[in-house]
Each structure stands twice: as C-alpha cells, then as structure tokens.
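[1] show me the folded form of this:
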Amino acid sequence: MDPSNQIPPAKWTYRSGWRWYPVPAAFLALVLAFYVGATTKMNEAEALSLEQFWEEVLGTIDSPINIFLNNCGIALAMLIPILGAPFAMYVGYSSGLVIAALSQTRNADPVLLLALTVLNPIGVMEFVAYAISITQGLLIVYAAYRKHLTDEARNAAITVLIVSAILFAEAILEFEVIKGALPQ
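    Below you'll find the predicted structure:
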C-alpha cells in the first residue's frame, strides 16, 4: 500500500471536538453525587452540627481569593488521573450533605435547594469547571494508553488555565453573594 494515500492520524489537539464529549457526562455524574448527598437523611444533631460548621466556614471568607484557592485546589485534584473522578464524586456527595443539613434544619425541600444551587450562574460555572477537570483527568489516562502523553500535557496546561479563569470569575460572583447574605 502506498504511504502517500493513507489518511493521516487525527491531530491530538485541544480543539479536537471529541475531547469535549465526556464533559456533559462528568457534569451529570457530579450533579448525581450532589443529589445523593442532598437527599441523604441524617439525624437532627448531625444536621445542626453540619449547618453550624457551614456557617463558620462562610464566616471565614473575607475575599474572593479564599473561594478561588479552595475551588482551584479541588479542581486540580480532579485532574489527577484515575483518582480525580472518584474524588470529584466524594466532593459532590459531601457538598450535597450540606444541602441535606440545611434542608432538614430549615424545613426546605432538598431537591429545590439542590436545583437552586446547581442551576444558578455560580453553580453552573463551578460544576462546568469541575466537569472539565474530571474530563481532563480521564483524557490523561487515555493519552497514556495511546502514548500521547506529551501532547496531553500541553492540553492539561490549557485546561488548568481555562478552569482557573472560570473559577476566578465564579469566586468573584460567589463572594459578592456571600457578602450580601451575611450580616455586616
């Protein structure tokens, strides 16, 4: 067979459309983990303890940088091949537990609180950033299998920049919401 007639292999670039296909699945998996946590039943003492802990955490936030560094650290951990996706599910479940605690102590519907959290612009930005990180972690595993790690290292760096930009904008918005909700 003449080598000049062969179709060249697909370029392994960041703009390859197929690499974005897993992002919606990662987003939905994260929302599902969040849902499982949000609908978990806990006793009143656990719910009150978790609510009090959450209010203490909110009280320590004094700038968008705190939010950004926390969320960026979580997103970077989600980039870790093989371990990042299970860690993401743990984070989603744990965050859902806060929703469960708040819904129990305030007699609110946990699914409504979950929807309000996920479907507002701040939640969408955060969940999309995390889904991109999860996907990149999985793509690193795929690249190792296909022996494209050098190309994927460049793609991972681009992912870190994109996720950081999303989370920086999200942190500014989230801080303004938190600042407006807390007593001065």
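
[2] and the helix or strand containing E176, how far from the chain's centre?
    Per DSSP states H and E, E176 falls inside helix 149-181. Remark: helix 149-181 is offset 10 Å from the chain centroid, using C-alpha atoms, centre = their mean, to the nearest Å.

[3] okay, which residue is most central for the chain?
    Centroid check for the chain by C-alpha atoms, centre = their mean gives Y130 as the closest residue, at 2.5 Å.

[4] just name whatever secondary elements the helix holding E176 is in contact with.
    helix 64-78, helix 121-146 (3 or more C-beta pairs under 8 Å, 6 or more residues apart in numbering; DSSP states H and E). Any C-beta I mention is one placed from the backbone N, CA and C, and that applies to glycine too.

[5] with respect to L48, which of these lies nearest?
    helix 64-78 (23.6 Å; C-beta to C-beta).

[6] so how far is the closest one from its chain's centroid?
    Counting by C-alpha atoms, centre = their mean, helix 64-78 comes out at 10 Å from the chain centroid.

[7] before we move on, back to that, now do the contacts for the residue nearest to the centre of the chain.
    With contact set as C-beta atoms under 8 Å, 6 or more residues apart in numbering, Y130 has these partners: 26-27, 30, 74-75, 78, 88, 91.
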